[in-house]
Structure formats: C-alpha cells, structure tokens
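Colleague: Can you look at this prediction? I've put the sequence above it.
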Amino acid sequence: MKPDAVRRSFPVVYLRGKLPKGSRLVSFQPTHYNSGMNAIEFWSAWIPKAMRLARHRALLLLAVLTCISLSCQGENSEAPSLAVLPTTSNPTPRKVQEKPLAGQTTAAPRFDGERAYHYLRKICSFGNRRSGSLGMRQQQQLVDKHFQELGGEVQYQRFRIKHPVTGERVPLANLIVHWQSEAKERILLCAHYDSRPFPDREADPRRRKEGVFLGANDGASGVAVLMELGHHVGSLPKHFGLDFVLFDAEEFVFEERLGNYFIGSRWFATQYVKNPPKYRYVAGVLLDMVGDEKLSIYQERYSATWPDTRPIVKEIWDTASRLGVDEFIPQIGYPEAIRDDHLPLHQIAKIPVCDVIDFEYPGPRNRYWHTTADAPGRCSAESLGKVGWVIYEWLASKR
C-alpha cells in the first residue's frame, strides 16, 4: 500500500451527529507516516496519537461552541448544535410576534384605525353631503360598493320630503346593510351620513351662509367606523344577526326654525312599527361624533338612565375598561341629555339603542361643532380605531 493510499483511506471521524449542508466538517487525519512501517506498527504507533488528538480537538471545539452558545442566549432561545459550525453569515431570521394592544385578545383581528381614517377623508372629499345633493349621491355609491364587496346585503329605504326653504321635493334614502340576514334576533349599529347644509355656528355671519361644512366628525366619523367594521363581521359570533343603518336627513336644517331633525331615523322607526320585519332588534348602538382627536366619551344621559339601554351602556363601558381604552369615561356627562337619532328609535320603534357620542369637540365649549373647523384634520385614526375596537369587542361578547 502506498502512503497516499493510506492517507486517502484513513477514516474521517465526526464529533457527533449528521452535518447539514453548508456546515464545516470537524475531523482529523494522520499527519505523520513512515513508509518503513508495516500495518501493525503503523496502527500501534498512530492510534494513541489519534485518540489524544481527537480528544484535544473535541475539548477545544466544545469550549468554543459553549462560548458562542452563551453569547447567543439572549438573542435566540434555540442554542446552536454542538456538532455543527454554521458557515453562513446570514442565518434564517426569527419570526417576530406582533404584540396585541393592551387587553386585546390575540384571536381578535386588529381594528384598523388608519383605514377608517382613510374612509373618513374619502367621504369628506365629496364636500358637503346634505340630503339630496351630489355629495350625498357620491357617498352612497362609495359605501354601497364597499359593503357589497365585503359580502353585505345592501338595500335602500327611499322616500321624499318637502324642502323647508324652496318647497321642492327632496329624495332621501336610508342605507341598510344586512349581515347574517337569516337570524331572527339582530343587533343594530347606526350613524347618520348626511351633513348639515351650512356651518351655522360660525362666528362670522357671512361664513354661516358661504362656508362649506364638511362634517368630518359630525357625520363621516360614524360611517368610517362602520366601513372598517365591515371588514371584521365575518369573525364575529353568529348567534345574532347584524345590521348597519346609515340615516339620511339627521339634520336637514337651514335655520333653527326651518327644517327638521332625525327625519331618516324617524322614518326607519315608523316603518319598523307599521311593517314589522320577521326579525327583531334586541340591542342597538348609535355612533355619532366619534372621531375627535381629543376623544372623551361620557355616557349620554338618556342612554344611561332608560331601563332597557342602561345594561347596554354598562356592557360597552365595561368592555372599554377591560381593553384599557380610558377615553370611554364611565359616568354621565354633558350638561343636558342629547337629542339624537336614538330618540325616535327608542320612542317609536321601542328599540333599545344607546348613543355613543363625544359631545366635547374638542372641549366642553364644543367650538368645532357645526363650523368649518369640523374637518379631517380635527379627527384622528387613533380615535376611530379605539371606538371601533371597543364596539367590535362588545359585539364579540354577544354570544
């Protein structure tokens, strides 16, 4: 046997295990060979040396890898194998688990306040959306398409009224979205989607007539929350059906003595009584003025004191407390009870609907309300996200 043949045939010794692709072999081979030796003399001389060499190299390698393992412990819970020295400089990165918001269950989808704010801005891009206007028709097309694409069943409740100034007939439409339409017991979420014709609380009398009222908070915010909530309906329990209703003509008022409030919700409530559906509403929530960047939502007085809505109020504010959403303040606020769309729903249709409203825009003086200052820049994605999250989690608890 030639020397080269002996070297090539000498076995490679691994420390342990099977090495994956891309790893460096840890081995040893003989480095001294006397051609005058016979096989017995060779092995007798070499084996003790080989064993000592292997033992020394193994101990050295173990020490190096132990140091590497200790230095990596804070970064990766999986220590590297002692049989392998990785040669790649770009190991596969670990997947980082996104932390949920405080109190949010990991199973629940995150309510996207940024997307809701995008919807708010899109709605306001249509300008003033008084009943019967071009802006209102553009908004109807937007939300109709939006909810249908998400799987909702959209229908309109159409009727006409006399214009309080011109006497012309004005077409109105409540927009209704049904989810789980086969359910006989249902929950109602609603908002108004018209905007006041003029910013009649402006200090400048001329701006009261010529200014453009966008109604970002007072109108668009409730619609935006419902548009985002539409993305998450599929993950809610199916025990109750769910309806979204956007009321027209909540404030089709040109002067305090010319026009009426709550026309759309009054029509809806009257039809619910005159032409009873095959289902009934067991609870409802009205969302109004919920986008203020300085959000503070007290309990509205009517909602907190009516016997049939008091439990709903408690459930919603308890949900907010559980989630750590401190902007829901668990006490009755505002100097007086608020007249809003929940009144005809409760008084005419006997539907237990509570009003979730921030009537301090941006503070107790309510100085942005019904002025040109009610624009998207006064609202925030964070506020929309918090309100939507609380309502989603409340719905999820209704099993």
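Modeller: Thanks, I have the structure now.
Colleague: The residue nearest in space to the middle of the chain: what secondary structure?
Modeller: By CA atoms, centre = their mean, the chain has its centre lying nearest to Phe111, at 0.8 Å. Secondary structure state of Phe111, per DSSP: H, G, I helix; E, B strand; the rest coil, is coil.
Colleague: doesn't Gly388 make contact with it?
Modeller: Yes. Between Phe111 and Gly388 there is a contact at 4.2 Å, judged by CB atoms under 8 Å. For the C-beta atoms, the positions are set from N, CA and C on the backbone; glycine is no exception.
Colleague: quick one: common contacting residues for the two?
Modeller: Common contacts of Phe111 and Gly388 (CB atoms under 8 Å, 6 or more residues apart in numbering): Glu228, Leu229.
Colleague: Please name the residues that touch the residue nearest to the centre of the chain.
Modeller: Glu228, Leu229, His232, Gly385, Gly388, Trp389, Tyr392.
Colleague: Okay, it and Arg339: tell me how far apart.
Modeller: Here the distance between Phe111 and Arg339 works out to 29 Å (CB to CB, to the nearest Å).
Colleague: Same check on Tyr298?
Modeller: Distance, Tyr298 to Arg339, using CB to CB: 16 Å.
Colleague: all strands of the stretch 51-200 of the chain, in order?
Modeller: In the stretch 51-200 of the chain, the strands defined using DSSP state E, counting those that start in this stretch lie at 153-162, 169-179, 185-192.
Colleague: the more surrounded of Tyr298 and Arg339?
Modeller: Using other CB atoms under 10 Å as the criterion, Tyr298 and Arg339 rank with Tyr298 on top: 19 against 11.
Colleague: Tell me if I'm right that the more buried one and Ile332 touch.
Modeller: Yes. Using CB under 8 Å, Tyr298 is in contact with Ile332, at 6.5 Å.
Colleague: any weak-confidence spans in the protein?
Modeller: Scanning the chain for pLDDT under 70 picks out 1-109.
Colleague: how about the helices in this protein?
Modeller: Taking DSSP state H, the helices of the chain run over residues 3-9, 39-72, 113-124, 134-149, 205-210, 221-229, 263-274, 301-305, 310-323, 342-347, 381-396.
Colleague: Tell me the one among the contacts of Phe111 nearest to Asn275.
Modeller: Nearest to Asn275 among those, counting by CB to CB, is Leu229 at 27.2 Å.
Colleague: what separates the nearest residue to that closest one once chain neighbours are set aside from Val356, distance-wise?
Modeller: Excluding its sequence neighbours, the residue lying closest to Leu229 (CB to CB, 6 or more residues apart in numbering) is Gly388, at 5.8 Å. Distance of Gly388 to Val356, computed by CB to CB: 11 Å.
Colleague: Can you pick out the residue with more neighbours from the two?
Modeller: A side-by-side neighbour count of Gly388 and Val356, using other CB under 10 Å, places Val356 first with 29 against 25.
Colleague: In contact with the more buried one: list those residues for me.
Modeller: Val356 touches Val285, Leu286, Leu287, Asp288, Val290, Ile297, Glu300, Ile316, Val387, Ile391, counting by CB under 8 Å, 6+ apart.
Colleague: same check, this time on Tyr117
Modeller: With contact taken as CB under 8 Å, 6+ apart, Tyr117 is in contact with Ala224, Gly291, Pro376, Cys379, Ser380, Ala381, Leu384.
Colleague: Repeat that for Gly388.
Modeller: Neighbouring residues of Gly388 by CB under 8 Å, 6+ apart: Phe111, Gly113, Ala116, Val225, Glu228, Leu229.
Colleague: Could you check how many residues crowd around Arg399?
Modeller: Using other CB under 10 Å as the criterion, Arg399 is surrounded by 8 other residues.
Colleague: ditto for Leu287
Modeller: 25.
Colleague: Name the nearest residue to it, sequence neighbours excluded.
Modeller: Gly222 (3.8 Å).
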